[in-house]
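A.B. asks: Output the structure for:
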Amino acid sequence: MLTTHEYPIMEFDDNKVAKLNPTNFVDQPFATNKMVITFFPEVMDKLKEEGKIVLERIIGGENPVPIYQFVDSDVLITLGFVGCPSCAGNLDLFNAMGVDKVMFCGGGGVLDRNIEVGQLLVVDGAIRDEGFSFHYIEPSRYIYTDPKVTEKMVQYLEANEVSYLRGITWTTDAIFRETPDRIQRRKEEGAKIVEMEQSGCIAVAQFRGFDYGALIYGGDDVSQEEWSNRGWRSREGIRYDLVMLCKKLVDVI
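C.D. replies: Sure, this is the predicted structure:
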């Protein structure tokens, strides 16, 4: 049922069936239900060079999506697209194809300079400063991951002595509109990292009812007077290890 509002983005329809549904695009389901979504193309290239992943299929369309599978397990892996509509939209399609356990691994801008490059954040939720998630979950300022999934992640990290932080992110559509006042406001609300996908992905997981977890590592610094890249995209070891960690975690959640 559609609830109306003065502003279209605040209107919400809980009808599960739309005119166009992800199931309309499913010809052949995946043979497995586990997937890692990463934003590290150089790690994907290295995994291919090492023979650790093989192409499972290419999902066709105007923007084809290659899907790979680890040769030693039943875990799929793919590169995420930037922003909620692309990344979370594809996630909805993956779920329709049989994926119901997902680990996301990416990087984001830190809102606290004390968060070091490479420090892992277990995502508890996100501030919904984007538009996509409002079409899946009724309007709210925050959206949260499933605590049962998050606890399983934390238990694994602690058992294997992996250092981590825990908290919420700020999901925004507009990378060039992270103004000083907005950054300060989001810090005051508790966000530790700014990124562009989490609230949308969490919303899809809630709406469709599947397991979703996310690890994001501290990248560039937007907390200071001047933006600092901090060389975060060159941390190949951190990024490779994070992908392999998420491969293990997707079996745990």
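
A.B. asks: where exactly do the helices run in the stretch 151-253 of the chain?
C.D. replies: 180-188, 198-208, 236-252 (DSSP state H, counting those that start in this stretch).

A.B. asks: Val17: which of those is closest?
C.D. replies: Val17 sits nearest to helix 198-208 of all these, at 12.3 Å, using CB to CB. All C-beta atoms are positioned from the backbone trio N, CA, C, and that covers glycine.

A.B. asks: The closest one packs against which elements?
C.D. replies: Contacts defined by 3 or more CB pairs under 8 Å, 6 or more residues apart in numbering; DSSP states H and E place helix 198-208 against helix 84-96, strand 101-110, strand 120-129, strand 142-144, strand 165-172, strand 211-221.

A.B. asks: Show me what the mean pLDDT comes to for the third one.
C.D. replies: On average, the pLDDT along strand 120-129 is 96.

A.B. asks: tilt between it and helix 84-96?
C.D. replies: Between the direction of strand 120-129 and that of helix 84-96, the angle (axes from the mean of the first three to the mean of the last three CA atoms, to 10 degrees) works out to 110 degrees.

A.B. asks: Check which helices and strands strand 120-129 is in contact with.
C.D. replies: Other elements packing on strand 120-129 under the criterion 3+ CB pairs under 8 Å, 6+ apart are strand 142-144, helix 147-159, strand 165-172, strand 191-195, helix 198-208, strand 211-221.

A.B. asks: for that strand, the distance to its chain's centre please.
C.D. replies: 9 Å (CA atoms, centre = their mean, to the nearest Å).

A.B. asks: Partner strands of that strand, with direction?
C.D. replies: strand 142-144 (antiparallel), strand 165-172 (parallel), strand 211-221 (antiparallel) (DSSP bridges).

A.B. asks: buried ones in it?
C.D. replies: Along strand 120-129, the positions that meet the burial threshold by neighbour count (16 or more other CB atoms under 10 Å) are Leu120, Leu121, Val122, Val123, Asp124, Gly125, Ala126, Ile127, Arg128, Asp129.

A.B. asks: Same question for the first one.
C.D. replies: Neighbour-count burial for helix 84-96, counted by 16+ other CB under 10 Å, picks out 84-96.

A.B. asks: any chance of those in CSV, with distance to Ile37 and pLDDT too?
C.D. replies: Compiled in CSV, the buried residues of helix 84-96 are given as follows (distance: CB to CB, whole Å; pLDDT from 0 to 100):
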residue, distance to Ile37, pLDDT
Cys84, 13, 97
Pro85, 15, 97
Ser86, 11, 96
Cys87, 7, 98
Ala88, 10, 98
Gly89, 12, 97
Asn90, 8, 98
Leu91, 7, 98
Asp92, 12, 98
Leu93, 12, 98
Phe94, 8, 98
Asn95, 12, 98
Ala96, 15, 98
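
A.B. asks: From those, pick the one nearest Val154.
C.D. replies: Nearest to Val154, judged by CB to CB, of the buried residues of helix 84-96 is Leu91 at 22.3 Å.

A.B. asks: quick revisit: least reliable of the helices and strands packed on strand 120-129 going by mean pLDDT?
C.D. replies: strand 211-221 (a mean of 84).

A.B. asks: can you pull the alpha-carbon coordinates of it into CSV?
C.D. replies: Below are the C-alpha coordinates for strand 211-221, written out as CSV (Å, rounded to 0.1, in the frame of the first residue of the first chain):
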residue,chain,number,x,y,z
ASP,A,211,22.0,-12.4,5.2
TYR,A,212,24.3,-9.4,4.6
GLY,A,213,27.4,-8.2,6.3
ALA,A,214,30.0,-5.5,5.4
LEU,A,215,33.6,-4.7,6.2
ILE,A,216,34.9,-1.4,5.2
TYR,A,217,38.5,-0.3,5.7
GLY,A,218,39.6,3.3,6.5
GLY,A,219,40.8,5.0,3.3
ASP,A,220,41.1,8.7,2.6
ASP,A,221,40.6,11.3,5.3
